[in-house]
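Enquirer: just coords:
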């Protein structure tokens, strides 16, 4: 599969991902409409975003500097190779 380079398609992909996330959150809240569910969902989304930041910023910058990794598996491989 080719790398996505078109700015319009990248923005469209981001919009679709946002739509999926909002749709999933709406369906979860529809299944269990409560403030507790909404709060837990907000915390889960926040934690997932922070984990993403950790993986692709903190680890690249402080743990495995010197290269950009094509994804999570590439980062894991680089960390394993560095440990050896």
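Expert: That came through fine. Note that the structure is a prediction, hence the values are computed from the model and not measured.

Enquirer: separation between residue 41 and residue 75?
Expert: With distances taken as C-beta to C-beta, to the nearest Å, residue 41 is found 27 Å from residue 75. In this view, the C-beta of every residue, glycine as well, is placed from N, C-alpha and C.

Enquirer: and if you look at residue 55?
Expert: 7 Å.

Enquirer: Specify the local secondary structure of residue 33.
Expert: coil (DSSP: H, G, I helix; E, B strand; the rest coil).

Enquirer: counting contacts, what elements does the lowest-mean-pLDDT helix or strand in the chain pack onto?
Expert: Using mean pLDDT, DSSP states H and E, the weakest-scoring helix or strand in the chain turns out to be helix 72-83, at a mean of 77. With contacts taken as 3 or more C-beta pairs under 8 Å, 6 or more residues apart in numbering; DSSP states H and E, helix 72-83 sits against no other helix or strand.

Enquirer: Identify each buried residue in that helix, please.
Expert: For helix 72-83, burial by neighbour count (16 or more other C-beta atoms under 10 Å) applies to 75, 78.

Enquirer: what's the helix or strand for residue 3?
Expert: Under the criterion of DSSP states H and E, residue 3 resides outside all helices and strands.

Enquirer: Got the phi and psi for it?
Expert: The phi and psi values for residue 3, taken as degrees, to the nearest 10, are phi -80, psi 140.

Enquirer: and residue 51, what pLDDT?
Expert: pLDDT, residue 51: 90.

Enquirer: Reduced to three states, what does the residue nearest the centre of the chain come out as?
Expert: Of all residues in the chain, the one closest to the mean position by C-alpha atoms, centre = their mean is residue 52, 4.4 Å from it. Assigned state for residue 52: helix (three-state reduction, three-state DSSP).

Enquirer: Show the contacting residues for residue 54.
Expert: Shown in contact with residue 54 (C-beta atoms under 8 Å, 6 or more residues apart in numbering): no residues.

Enquirer: what's next to stretch 30-38, contact-wise?
Expert: 28, 29.

Enquirer: End to end on it, go ahead and measure it.
Expert: 10 Å (C-alpha to C-alpha, to the nearest Å).

Enquirer: Counting neighbours, which bits of it end up buried?
Expert: Buried residues in stretch 30-38, counted by 16+ other C-beta under 10 Å: none are found.
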